[in-house]
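Asker: need a structure here:
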Amino acid sequence: MSLKEIRIEHIGKLVAWLCLCVFLVSCEEKAPKKVKKQEVPVLAKTIMGYLSLPNFVNEDFEGQVFGDIADFLVFDPKSSFAYFSLEEPWDKTHLWKLCSDTTQIEYGKIEDNHMALGPYKSRNKNRLLFRFPARFLNINKDSTLSVHYGKLSYSLSIDQLKDFYTRKSIYDGPALFVYENEGKRYSIANHSAVVSPAGEPSLEAFLENLLPDNLSNEQKYQRTLDFVSREIDYEDINKYEIFFKPNEVLMRGKSDCSGKVVLYASLLEQLKLPYLLVYTDGHILVAVPGKFSKSNKMNFKHEGEDYYFAETTLSGFRIGYTRTMPELSEADIEFIQKGGKRTRLFDYIRKDSLDFLTMEIEVEE
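Answerer: I've put the predicted structure just below:
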């Protein structure tokens, strides 16, 4: 995957449609009645958004949020209805845990040997379809979501999840840079936009358990890298670029080089340790300052200070010692970027900065 030819695709609608197609097989011929759309609270939007994008969260996310009350099917943003199903025998006695006003729940009926509800039908008559306006989604604000890494756990509250979903807990900003070379125009992903600045509570709490006291900065860099390189599985995504936020990388437990770098940079932000994002051809990694060995020759000078490559995709990578295959060196650097809000991408060869893409990418929340 070349960073110069990145395609940013919004896959929310596609994933939601695919999830729906697994269960709902055909639409009624009659057009559904128009339903007045009501504003959905941000917490409900957050939960519905992540349920509609299951590849962005842990496998038991739905179970941690709702327990085993019912199975989520799809959120219809046009009508603001949330669709669920129940296995036969249908137990409706606990649905108040799911819906704050059970009088708002509409149930499917058997029609033409199908289970039907609104514009949807299903061949599986043993599962009861039901829906209600998503604004009545009952969310326990005090609940905590957790993902385990051996003796370590990453936990975040529903409110913290909301802050990630609404981009409050990341630097945010334009998603792309413009790069022109030999008369051609390319776009490069702005990874710093997805990094969490210092003070994000769930990441700070995680680091308190990850790192013992009285470590040097070099030890903090290495031990944090050890976790990211060893515990977060590498996932090769070569069709398109997906921006995973640091909480999503931890919840998934896997990511490509971009997500691993975003997580590592976000953890360094919480530790208030300096770093650089280093862009090479088709790859991204982190460079950190300090007093490390130069035996692997993966280091360079920046503003008079030595920086060393920290490779997140190679399990057990030791800063200053481990060599990559193929070997990376200063000659491979195309762009560097400091972490921060709206920080520009610096062309390492031409010694100038790139402009942001003027067309902003809107994120549906």
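Asker: pop out the phi and psi values for Phe164.
Answerer: Note on Phe164: backbone dihedrals following degrees, to the nearest 10 are phi -70, psi -50.
Asker: for it, which non-adjacent residue is closest in space?
Answerer: Asn247 (4.7 Å; CB to CB, 6 or more residues apart in numbering). (C-beta placed from N, C-alpha, C; glycine too.)
Asker: tell me the secondary structure for that neighbour?
Answerer: helix (DSSP: H, G, I helix; E, B strand; the rest coil).
Asker: list the contacts for it?
Answerer: 156, 160-161, 164, 169, 196, 202-203 (CB atoms under 8 Å, 6 or more residues apart in numbering).
Asker: now restrict those to buried residues only.
Answerer: 156, 160-161, 164, 169, 196, 202-203 (16 or more other CB atoms under 10 Å).
Asker: closest one of those residues to Ser229?
Answerer: Of all the buried ones among the contacts of Asn247, Leu203 has the smallest distance to Ser229: 17.3 Å, by CB to CB.
Asker: tell me which element the closest one falls in.
Answerer: helix 201-210 (DSSP states H and E).
Asker: after that helix comes which helix or strand?
Answerer: helix 217-231.
Asker: so for that next one, what gets flagged as buried?
Answerer: 218, 220-222, 224-225, 227-229.
Asker: check stretch 168-176 too.
Answerer: Buried residues in stretch 168-176 (16+ other CB under 10 Å): 169-176.
Asker: what is the end-to-end distance of that stretch?
Answerer: 19 Å (CA to CA, to the nearest Å).
Asker: pLDDT (mean, whole number) over that stretch?
Answerer: Averaged across stretch 168-176, the pLDDT comes to 94.
Asker: same check on stretch 190-204?
Answerer: Here the average pLDDT along stretch 190-204 is 97.
Asker: number of nearby residues for Arg123?
Answerer: Arg123 has 12 neighbouring residues, counting by other CB atoms under 10 Å.
Asker: need phi/psi at Glu305.
Answerer: In terms of degrees, to the nearest 10, the main-chain angles of Glu305 are phi -120, psi 140.
Asker: how about the strands in the stretch 251-365 of the chain?
Answerer: All strands of the stretch 251-365 of the chain, identified by DSSP state E, counting those that start in this stretch, fall at 254-255, 276-280, 283-289, 299-302, 305-310, 335-338, 346-347, 355-356.
Asker: could you dump those strands to JSON lines with distance to Leu210?
Answerer: Shown next, in JSON lines, are the strands of the stretch 251-365 of the chain (distance: least, CB to CB, whole Å):
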{"stretch": "strand 254-255", "distance to Leu210": "18"}
{"stretch": "strand 276-280", "distance to Leu210": "21"}
{"stretch": "strand 283-289", "distance to Leu210": "17"}
{"stretch": "strand 299-302", "distance to Leu210": "25"}
{"stretch": "strand 305-310", "distance to Leu210": "16"}
{"stretch": "strand 335-338", "distance to Leu210": "24"}
{"stretch": "strand 346-347", "distance to Leu210": "31"}
{"stretch": "strand 355-356", "distance to Leu210": "34"}
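Asker: nearest to Asn58, out of the ones you listed?
Answerer: Nearest to Asn58 among the strands of the stretch 251-365 of the chain is strand 254-255; the distance by CB to CB comes to 10.6 Å.
Asker: run through the stretch 251-365 of the chain and note the low-pLDDT ranges.
Answerer: Under the criterion pLDDT under 70, the flagged ranges of the stretch 251-365 of the chain are 358-365.
Asker: dump the residue contacts of Leu98.
Answerer: 66, 69-70, 84, 137-138.
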